[in-house]
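Trainee: Here is my input, please return the structure:
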Amino acid sequence: MKIGLFGGTFNPPHLGHINAIETVRRKMGLDKIFIIPAFQNPLKKELDGPAPEHRLNMIKAAVQGYEKHFEVDTQELTRKGLSYMKDTIAEYRKTYEPKELFLILGADNLESFDKWKDYKKILEETNLIITTRPGHDIPHEKSDLPKFLQNVTADLEFNFIELTTGRSIQFVTLEDIEISSTELRKKLRTGRPVTKFLPLSVENYIKEHNLYRDLGQKVKDYKQFAAFCAQILDDKKGIMTHSYDLTKLSAPSEYTVISSGTSTRHAVSLAEALTSAVKDEFNLLPQSVEGTEEGRWVVIDYGSLIIHIFYDFVRQEYNLERLWQEATPIKNNLLK
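Mentor: Reported below is the predicted structural model:
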């Protein structure tokens, strides 16, 4: 038996996911792929979105008709808490030998794989299949690999890596279907067409349960919400914190806040303080948070409000304010 394991938050499950697992199954000759929705990804901040039961139902809808080859595994949802793949693999090892297990990852996940809990143990207990897109560089030399992999690489030939653990890593090129879950959620929130990105069954489920469009129920006045966020950043010593009404401009959001930190660490600290304050005040989590690993440019997405927190020198380089010259500044005294 050759068993594939495909984990993720699936928020929402889209055609890119289906393309990935079907291509891998066909090219690698896998007998079955278990799709494993995470309760909470330990490497990502908690985000606003559908409850776990909705994500589960969407995944089941997405693979309807594919049950012969794909099966949804709910063990991480049942365990709750942070979802660690090493625990999930331990369960599969009760039934399958390491040579039979293949963990399916995107190329971006391979770069940060050494941050996974007990990643060395995972490399002993399962093989890896890395999905790449057309044009993506596949490592040809050991020096092309992430440093943590160089030490456990026994041999490398074209798209196949033999590990010293006895396991292997194989690269599989997908068809050119590139879908960003973050961008997809933005389209869903604003009511833009998503038919070419989602299985029809998932799109219908989202419409039926009014998912991804409930932020307005928590934020009644986005202008005041922007002023609140700007005030939090100002109180935490953010530099040159400004908020703008972009409703008269063609912009990705209706409102924006921009601020800077004196260092990358300060920028990340500002982002953490802001998301914590918003959760306390509005019981609201962001739709997405990007850039906290480096802290050069952190973007926090609250739907109609997008917040940019820079390391100050990076802000000067990008000079986003020039894009908002015709925007209406939001006065800080809105909260008074």
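Trainee: So what pairs up with the closest residue in space to residue 63 that isn't next to it in sequence in the strands?
Mentor: Excluding its sequence neighbours, the residue lying closest to residue 63 (CB to CB, 6 or more residues apart in numbering) is residue 70, at 4.5 Å. To be clear about C-beta, it is placed using only N, CA and C from the backbone, and glycine gets the same treatment. Assessed by DSSP bridges, residue 70 has beta-bridge partners residue 33.
Trainee: what's the burial count for residue 70?
Mentor: Residue 70: 21 surrounding residues under other CB atoms under 10 Å.
Trainee: give the contact list for it.
Mentor: Applying CB atoms under 8 Å, 6 or more residues apart in numbering, we find residue 70 in contact with 21, 32, 33, 34, 35, 63.
Trainee: Which stretches in the stretch 1-150 of the chain count as strands?
Mentor: Counting by DSSP state E, counting those that start in this stretch, the segments of the stretch 1-150 of the chain that form strands are 3-8, 32-37, 70-72, 101-106, 127-132.
Trainee: For those strands, could you give me a markdown table that also reports mean pLDDT?
Mentor: Output for the strands of the stretch 1-150 of the chain, formatted as a markdown table (pLDDT from 0 to 100):
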| stretch | mean pLDDT |
| --- | --- |
| strand 3-8 | 97 |
| strand 32-37 | 98 |
| strand 70-72 | 97 |
| strand 101-106 | 96 |
| strand 127-132 | 96 |
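Trainee: re the thing from before, now that we have the contacts of residue 70, which of them are buried?
Mentor: 21, 33, 34, 35, 63 (16 or more other CB atoms under 10 Å).
Trainee: now for the residues you listed, which pair is the farthest apart?
Mentor: 34 and 63 (10.8 Å; CB to CB).
Trainee: Mutual contacts of these two, please.
Mentor: With CB under 8 Å, 6+ apart as the test, residue 34 and residue 63 both reach 70, 72.
Trainee: for residue 281, helix, strand, or coil?
Mentor: Using DSSP: H, G, I helix; E, B strand; the rest coil, the three-state assignment for residue 281 comes out as helix.
Trainee: and after the helix-or-strand element of the chain with minimal mean pLDDT, which helix or strand comes next?
Mentor: Least confident helix or strand, the chain: helix 215-218 with a mean of 63, by mean pLDDT, DSSP states H and E. Of the helices and strands lying after helix 215-218 in sequence (DSSP states H and E), the nearest is helix 222-235.
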